[in-house]
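Novice: Task: produce atomic coordinates for the following.
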Amino acid sequence: MSKKLSEAQWRILNKDSELAGETLLSKVPKLTIFFNTSSSTPAPEAVTVCDLPVPSTSFQGPGKEIPVVPTNIKDTSDNQEEDEDDEDELSVHDNSDDVETHVWIPEVEPSGFEELDKDPDPNDLVLVQFNAKKEIVFYVGKVVQTENLINEIEVNFLRKARKYTGHFVFPNAPDISMVSTEDMKMTLPPPTLRLQSYYKFEINFGSLNMR
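Specialist: Predicted coordinates for the structure are as follows:
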């Protein structure tokens, strides 16, 4: 036959249950980590995990620090080597334009032309003047033939390049003509070949109507 417990008896039972639960929890062992700080130490030191601070960059243990290695750092050593390689490749390019800004380049004036000391030789590059109806124009040409010709020379003409300022290039269709030696105003110095098929001279043609 069951007995009905009074309210006071229920309170005593509940209080005893709470005390029993706290007693059981107090008997649960805490998780510990052991660090062997020295090979000569007979017994390892124990550190309770809940007592340790947890820094953002490292884990502190007795007598030593265990760094936490970030996993989101990208190795830039390869990129740095690639940048250095790019700089090396750029350094071997022709920098003649940069040098020219510091070097004085003689300017050709129409009034400064004099009679040539001698006739040009084959493969010489010459400056040729043409008297048009309303203006005087100048072309750069390459001497093709001088033998068996009297007061005339066969010349293969170049054109002023549109892509590169101050450069001259042969047209796709050769432009070869006979030129009077009187129209040859000067024999040009050897050109500097910056790019394939493009010729550039250490002369300023700024005052001439070049074609």
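Novice: contacts for the top strand by length along the chain?
Specialist: If each strand of the chain is counted by residues according to DSSP state E, the longest one is strand 136-145. Counting contacts by Cβ atoms under 8 Å, 6 or more residues apart in numbering, the residues outside strand 136-145 that touch it are 110, 120-130, 153-159, 168, 176, 179, 185, 188, 199, 201, 205, 208-211. Any C-beta I mention is one placed from the backbone N, CA and C, and that applies to glycine too.
Novice: Using PDB, write down the CA coordinates of it.
Specialist: C-alpha atoms of strand 136-145 as PDB (Å, rounded to 0.1, in the frame of the first residue of the first chain):
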ATOM      1  CA  ILE A 136      60.900  70.200-100.900                       C
ATOM      2  CA  VAL A 137      60.800  66.600 -99.500                       C
ATOM      3  CA  PHE A 138      63.600  64.300 -98.300                       C
ATOM      4  CA  TYR A 139      63.900  60.500 -98.400                       C
ATOM      5  CA  VAL A 140      66.300  58.000 -97.000                       C
ATOM      6  CA  GLY A 141      67.600  55.600 -99.600                       C
ATOM      7  CA  LYS A 142      70.000  52.700 -99.900                       C
ATOM      8  CA  VAL A 143      72.500  52.700-102.800                       C
ATOM      9  CA  VAL A 144      72.000  49.700-105.000                       C
ATOM     10  CA  GLN A 145      74.400  50.300-107.900                       C
END
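Novice: And the next helix or strand past that strand?
Specialist: The element immediately downstream of strand 136-145 (helix or strand, assigned by DSSP states H and E) is strand 152-157.
Novice: tell me, how many neighbours does residue 127 end up with?
Specialist: 21 (other Cβ atoms under 10 Å).
Novice: Check which helix or strand it maps to.
Specialist: When the helices and strands are read off by DSSP H and E, the one containing residue 127 is strand 125-131.
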